[in-house]
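Colleague: Just need the structure, nothing else, for what follows:
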Amino acid sequence: MQTPSSLNQPELTTTAKSIFASKTFWGAAFTAIAAIAPIVGSAVQENKLTVDHTVKIVIILCGTGATLAGRVQAKEGVYTPDWAPGPNKPDVGS
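Modeller: Numbers count the residues shown, from 1 in each chain. As a prediction, the model looks like this:
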């Protein structure tokens with residue numbers, strides 16, 4: 001039976017899924033695209049890709065790569081503080 005505090009809480013499992021089925025993957029990918037698009041747009045408008053543009057793109061891709069590596073290597077579920085949305089520590093059995 002579900003209690004009011006457990007309603008709508010994600011169920012944490014240890015089964016593996018495809019990286020392409022991961023909301024974290026798609027969130028990181030779309031965030032990277034949204035961050036890179038204005039840089040590319042500026043470069044096209046100026047008709048040149050500057051070092052500054054390139055550095056910004058590399059930084060965005062590094063952050064995205066770190067996010068995805070963390071997602072792939074994660075072994076445990078996470079919980080949020082009591083005041084934040086998401087599962088709390090008692091909900092995940094930690």
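Colleague: show me the contacts for the residue nearest the centre of the chain.
Modeller: By CA atoms, centre = their mean, the chain has its centre lying nearest to residue 24, at 3.8 Å. For residue 24, the contact set (CB atoms under 8 Å, 6 or more residues apart in numbering) comprises 67-68, 71. Quick note: C-beta positions are derived from backbone N, CA and C, even for glycine.
Colleague: Same check on residue 57?
Modeller: Applying CB under 8 Å, 6+ apart, the residues near residue 57 are 36, 39-40.
Colleague: Mind giving me the ChimeraX select for those residues, buried ones only?
Modeller: In ChimeraX syntax, the buried subset of the contacts of residue 57 is picked out as below (16 or more other CB atoms under 10 Å):
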select :36,39
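Colleague: Please identify the one among the contacts of residue 57 that lies nearest to residue 90.
Modeller: Checking the contacts of residue 57 against residue 90 by CB to CB gives residue 36 as the nearest, at 40.4 Å.
Colleague: Report the buried residues of the lowest-mean-pLDDT helix or strand in the chain.
Modeller: Ranked by mean pLDDT, DSSP states H and E, the weakest helix or strand in the chain is helix 89-92, scoring a mean of 82. Within helix 89-92, the residues that count as buried by 16+ other CB under 10 Å are 91-92.
Colleague: Settle this for me: residue 87 is touching residue 93, isn't it.
Modeller: No. Judged on CB atoms under 8 Å, residue 87 makes no contact with residue 93 at a distance of 9.8 Å.
Colleague: With neighbour numbers in mind, choose between those two.
Modeller: Regarding residue 87 and residue 93, a neighbour count based on other CB atoms under 10 Å identifies residue 87 as having more, with 21 against 9.
Colleague: Alright, that wraps it up for me.
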